[in-house]
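Peer 1: sequence-free structure coming up:
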């Protein structure tokens with residue numbers, strides 16, 4: 001592994017990684033059951049050099065692409081030339097992407113041929129990734145060094161509500177983040193990281209690109225994210241690491257439990273006995289047999305969910321971070337295993353709880369070398385968010401005696417009941433983890449339908465489930481375990497997937513607007 005602390009920029013670091021590990025496999029791209037591409041680090045470097053020749057050091061290079069090898073090639077080429085990278089969410093609509101490209105000041109856009117028509121006449125030079133192979137293979141570009149304080153990326157974050165914001169992140173912030181993560185979770189040549197989250201998102205950019213490359217490990221992409229294809233790829237390439245969000249982890253759990261339910265009684269008893277002892281189980285083979293850990297973040301992770309995977313021999317490392325802080329602020333260690341918190345701060349990060357009230361709950365505020373320089377062209381918003389070096393996250397939580405952070409929700413989402421109790425929808429949603437819903441969201445009844453009476457009580461659950469009757473039964477059972485002021489009083493059946501951000505956080509405001517089009521009669525009292 002390369003000593004990250006001796007470098008000044010991502011471009012310099014990635015360039016040297018490609019030289020040091022030149023004969024190692026850098027990238028594998030699978031398309032269903034077929035291997036579409038494979039690059040050694042030397043192949044990768046040679047493929048990126050003609051692309052780098054298309055960029056100038058003054059460029060801001062936007063990328064709008066799905067997960068694939070050419071995403072990483074374009075990003076490497078931009079950093080090699082000293083340009084600023086602008087990752088754009090592939091799943092946004094065309095108008096949304098165009099608006100972010102314009103706001104960022106991007107001068108070049110790299111995209112896929114299928115999306116090219118979205119970006120006609122928007123005032124930037126457009127490169128189509130499929131045409132990379134047509135570039136002059138002898139095309140060379142001079143490497144342009146950057147310093148730690150120089151701007152590396154402008155990354156757009158919408159959080160869970162509000163106007164998207166362009167976070168300006170320096171090379172030094174990324175290098176500090178990378179150094180802290182590799183100190184806690186080192187990788188090595190031969191490890192294989194499975195990249196299934198959007199590369200434009202902070203988690204996969206760091207864990208599914210920069211981190212593995214610096215360690216000489218291999219990144220595996222899969223062009224389709226159908227569950228059966230994901231599991232097949234994990235087996236074929238013996239994946240050792242991956243990052244997931246809770247929804248993906250829930251889908252994995254459901255698939256495992258369905259297979260367990262199909263076992264004969266004696267086999268199920270044997271697996272349960274192994275799980276009780278903490279020894280690896282045969283179930284692990286469904287994930288390729290080599291998976292050593294899964295990082296999970298981006299949204300609240302149910303404790304029972306993480307414990308389930310630990311029991312079958314696959315540790316889930318739960319963490320917490322923000323785009324405004326590069327990637328990760330806190331993360332649990334592999335030993336001792338903990339699933340009750342989002343971990344302790346990584347090296348260099350300080351956390352304080354501001355305005356703590358009952359239970360020590362207050363706003364989580366952080367400072368350290370990984371924080372953004374500010375929001376692009378938004379000085380007032382920057383001044384509100386970065387105060388005396390502390391990032392005001394808007395998240396609510398508390399610290400335990402071992403300095404582990406426990407999150408309870410967003411300050412903007414807090415519900416004050418008629419009895420004066422402060423409750424957090426994320427906290428209640430977490431208590432229903434493992435119940436068997438596809439998705440669930442808690443709202444205050446009068447938030448959805450203002451000025452109405454409370455015949456359904458103060459809280460309603462919006463539920464997407466295969467069987468709504470089973471969902472209602474499960475909610476009633478769980479309600480009995482909750483304090484009366486946290487109990488759900490009504491259910492709104494919902495058929496469509498919930499709107500979510502790139503990191504799969506619920507867009508509560510967007511879902512609420514759709515719910516308000518319904519009549520209150522849509523609520524089914526429990």
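Peer 2: That came through, no problem. Small disclaimer: the values here were computed from a predicted structure and weren't measured.

Peer 1: Burial check on residue 225, number of neighbours?
Peer 2: Using other Cβ atoms under 10 Å, residue 225 has 12 neighbouring residues. (Glycine included, C-beta is placed from N, CA and C.)

Peer 1: The closest residue in space to it that isn't next to it in sequence: neighbouring residues, count only.
Peer 2: Leaving aside its sequence neighbours, residue 225 sits nearest to residue 196 (Cβ to Cβ, 6 or more residues apart in numbering; 6.0 Å). By other Cβ under 10 Å, the residues close to residue 196 number 20.

Peer 1: Surely residue 196 and residue 224 touch.
Peer 2: No: contact between residue 196 and residue 224 fails when scored by Cβ atoms under 8 Å: they sit 10.3 Å apart.

Peer 1: could you list every residue that touches residue 314?
Peer 2: For residue 314, the set of contacting residues under the criterion of Cβ atoms under 8 Å, 6 or more residues apart in numbering consists of 284, 287, 291-294.

Peer 1: how near is it to residue 332?
Peer 2: Noted for residue 314: a distance of 14 Å to residue 332, by Cβ to Cβ, to the nearest Å.

Peer 1: Quick check: phi and psi on residue 404?
Peer 2: In terms of degrees, to the nearest 10, the main-chain angles of residue 404 are phi -90, psi 140.

Peer 1: what's near enough to touch it?
Peer 2: Contacts of residue 404 were listed using Cβ under 8 Å, 6+ apart, and they are 330, 332, 338, 340-344.

Peer 1: out of those, which are inside strands?
Peer 2: For the contacts of residue 404, the ones inside strands are 330, 344, with DSSP state E as the criterion.

Peer 1: Quick check on the contacts of residue 404: which are buried?
Peer 2: The neighbour-count test (16 or more other Cβ atoms under 10 Å) marks 330, 332, 338, 341-344 as buried among the contacts of residue 404.

Peer 1: Adding pLDDT and distance to residue 190, write those out as TSV.
Peer 2: Output for those, formatted as TSV (pLDDT from 0 to 100; distance: Cβ to Cβ, whole Å):
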residue	pLDDT	distance to residue 190
330	97	29
332	94	25
338	89	28
341	94	31
342	95	30
343	96	27
344	96	29
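
Peer 1: Can you tell me which of these is nearest residue 410?
Peer 2: Proximity of these to residue 410, judged by Cβ to Cβ, is greatest for residue 342, which lies at 14.0 Å.

Peer 1: quick one: stretch 167-180 to chain centroid distance?
Peer 2: 17 Å (Cα atoms, centre = their mean, to the nearest Å).

Peer 1: picking that back up, next, give me the two most distant ones among the buried ones among the contacts of residue 404.
Peer 2: The distance between the two most remote of these (Cβ to Cβ) is 11.4 Å, for 330 and 338.

Peer 1: Need the three-state assignment for residue 366.
Peer 2: Recorded secondary structure, residue 366: strand (DSSP: H, G, I helix; E, B strand; the rest coil).

Peer 1: thought it was touching residue 325?
Peer 2: Yes: using Cβ under 8 Å, residue 366 and residue 325 qualify as a contacting pair, with a distance of 6.4 Å.

Peer 1: Which neighbours do those two have in common?
Peer 2: Counting by Cβ under 8 Å, 6+ apart, the residues touching both residue 366 and residue 325 are 349, 391.

Peer 1: quick one: buried residues of stretch 303-317?
Peer 2: Under the neighbour-count criterion of 16+ other Cβ under 10 Å, stretch 303-317 has 303, 305-306, 308-317 buried.

Peer 1: roughly how far is it from the heart of the chain?
Peer 2: The gap between the average C-alpha position of stretch 303-317 and the chain average comes to 18 Å, counting by Cα atoms, centre = their mean.

Peer 1: re the thing from before, for the contacts of residue 404, give me a markdown table that also has distance to residue 83.
Peer 2: Conversion of these to a markdown table gives the following (distance: Cβ to Cβ, whole Å):
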| residue | distance to residue 83 |
| --- | --- |
| 330 | 32 |
| 332 | 36 |
| 338 | 41 |
| 340 | 43 |
| 341 | 39 |
| 342 | 34 |
| 343 | 34 |
| 344 | 36 |
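
Peer 1: Looking at the contacts of residue 404, which is nearest residue 236?
Peer 2: Of the contacts of residue 404, the one sitting nearest to residue 236 (Cβ to Cβ) turns out to be residue 332, at 29.4 Å.

Peer 1: Give me the phi and psi for that closest one.
Peer 2: Phi and psi for residue 332, reported as degrees, to the nearest 10, are phi -80, psi 160.

Peer 1: Contacts only, for the nearest residue to it once chain neighbours are set aside.
Peer 2: What sits nearest to residue 332 in space, not counting adjacent residues and going by Cβ to Cβ, 6+ apart, is residue 343, at 3.9 Å. Residue 343 sits next to 317-320, 330-333, 404-405 when contact means Cβ under 8 Å, 6+ apart.

Peer 1: Repeat the analysis, applying 7 Å as the threshold.
Peer 2: Contacts of residue 343 were listed using Cβ atoms under 7 Å, 6 or more residues apart in numbering, and they are 318-320, 330-332, 404-405.

Peer 1: same thing with residue 437?
Peer 2: With contacts defined as Cβ under 7 Å, 6+ apart, the neighbours of residue 437 are 463-465, 471.

Peer 1: Could you list the low-pLDDT ranges of the stretch 201-350 of the chain?
Peer 2: In the predicted model of the stretch 201-350 of the chain, residues 275-281 satisfy pLDDT under 70.

Peer 1: could you pull out the helices for it?
Peer 2: Taking DSSP state H, counting those that start in this stretch, the helices of the stretch 201-350 of the chain run over residues 202-205, 211-215, 227-237, 246-261, 265-277, 303-311.

Peer 1: possible to save those helices as CSV with distance to residue 27?
Peer 2: Putting the helices of the stretch 201-350 of the chain into CSV (distance: least, Cβ to Cβ, whole Å) gives the following:
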stretch, distance to residue 27
helix 202-205, 14
helix 211-215, 9
helix 227-237, 11
helix 246-261, 21
helix 265-277, 35
helix 303-311, 27
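
Peer 1: Remind me what whatever helix or strand residue 152 lives in packs against, helices and strands.
Peer 2: For residue 152, the element it lies in under DSSP states H and E is strand 151-157. Other helices and strands packing on strand 151-157, by 3 or more Cβ pairs under 7 Å, 6 or more residues apart in numbering; DSSP states H and E, are strand 84-87, strand 165-170.
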